[in-house]
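Trainee: fold the stuff below for me.
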Amino acid sequence: MKKQIAVIGLGRFGISLAKTLTNLGHEVLAIDMDEKKIQDISADITHAVQADATSELVLKELSIRSFDIAVVAIGSAIESSVLCTLLLKKLGVPYVIARADTELHGSILQKIGADTVIYPEQEMGTRLAQVVTISNVSDYMSVTPGYGVAKLRAPDSLAGHKLSELGFGPKGKWEVMVVLIKRENEIIVNPGRGEVVNPGDILIVVGNDDKVEKLVAEANKGAS
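Mentor: All right, here's what the predicted structure looks like:
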């Protein structure tokens with residue numbers, strides 16, 4: 001469903017977020033004090049406004065309460081981040097997501113009413129560490145410590161075999177589930193155990209880190 005989303009703060013994180021949300025079909029309003037940043041992004045999103053998002057009057061003039069979601073992407077300027085988050089909640093924005101750079105910053109944001117607090121640098125560091133340590137996994141998202149979602153290109157040794165034959169599934173050899181297969185322009189969600197892996201398939205798997213590591217290592221061994 002298309003949503004109206006305000007992104008406040010156009011650092012690297014805010015810019016990337018605003019552009020991605022626009023590409024996904026949402027109506028995005030970007031707000032920043034820096035005129036150049038506004039000019040640079042204006043052609044890529046729905047609306048871009050040079051304004052002070054720590055001013056209650058400014059936020060009212062922008063009809064911020066009509067937005068479904070507001071993301072406070074301000075990082076190191078903790079005072080501005082906190083004040084902006086506080087005003088967004090006061091003005092009735094239904095869902096406020098706030099970025100934090102430290103645990104203390106995040107704790108303050110939670111106490112003043114942020115619905116969700118995110119730590120982009122910390123989360124990216126965790127994902128990168130898993131990508132580095134789990135061989136041939138191109139992307140990883142932690143769900144709980146030691147357990148997550150991984151994306152990998154199926155080695156040739158898996159091609160031509162059913163998922164059940166390869167030991168996927170909660171009762172399979174690996175105790176790793178394939179929740180999605182990307183096959184060229186086709187997306188197969190929750191594939192059945194009888195689904196046959198094709199050469200070049202991208203597999204999204206869920207499981208224990210150690211299990212995923214062993215799965216990939218054995219699959220690659222069979223390919224060599």
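Trainee: for the rest of this, base every contact and every neighbour count on C-alpha atoms.
Mentor: OK.
Trainee: domains of the chain?
Mentor: 4-118, 123-223 (automatic domain parsing).
Trainee: reformat those domains as a markdown table; add mean pLDDT and mean neighbour count.
Mentor: Converted to a markdown table, the domains of the chain look like this (pLDDT from 0 to 100; neighbours: other Cα atoms under 10 Å):
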| stretch | mean pLDDT | mean neighbour count |
| --- | --- | --- |
| domain 4-118 | 93 | 18 |
| domain 123-223 | 75 | 16 |
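Trainee: first-to-last residue distance for stretch 202-217?
Mentor: 16 Å (Cα to Cα, to the nearest Å).
Trainee: again with stretch 98-108
Mentor: For stretch 98-108, the separation between the terminal residues is 11 Å (Cα to Cα).
Trainee: chain center to it, what's the gap?
Mentor: 18 Å (Cα atoms, centre = their mean, to the nearest Å).
Trainee: which other residues reach it?
Mentor: Residues outside stretch 98-108 that contact it (Cα atoms under 8 Å, 6 or more residues apart in numbering) are 71-76, 78, 81-82, 85, 109, 114-121.
Trainee: can you list which of the residues you listed are found in strands?
Mentor: Of the contacts of stretch 98-108, the ones assigned to strands by DSSP state E are Val71, Val72, Thr116, Val117, Ile118.
Trainee: residue contacts, Val206?
Mentor: Here Val206 is in contact with Tyr147, Gly148, Val149, Ala150, Val176, Met177, Val178, Val179 (Cα under 8 Å, 6+ apart).
Trainee: so the second one sits in a helix?
Mentor: It stands for Gly148. No. Assigned with DSSP: H, G, I helix; E, B strand; the rest coil, Gly148 falls outside any helix and is strand.
Trainee: that one against Lys211, yeah?
Mentor: No. Counting by Cα atoms under 8 Å, Gly148 sits too far from Lys211 to count as a contact (10.7 Å).
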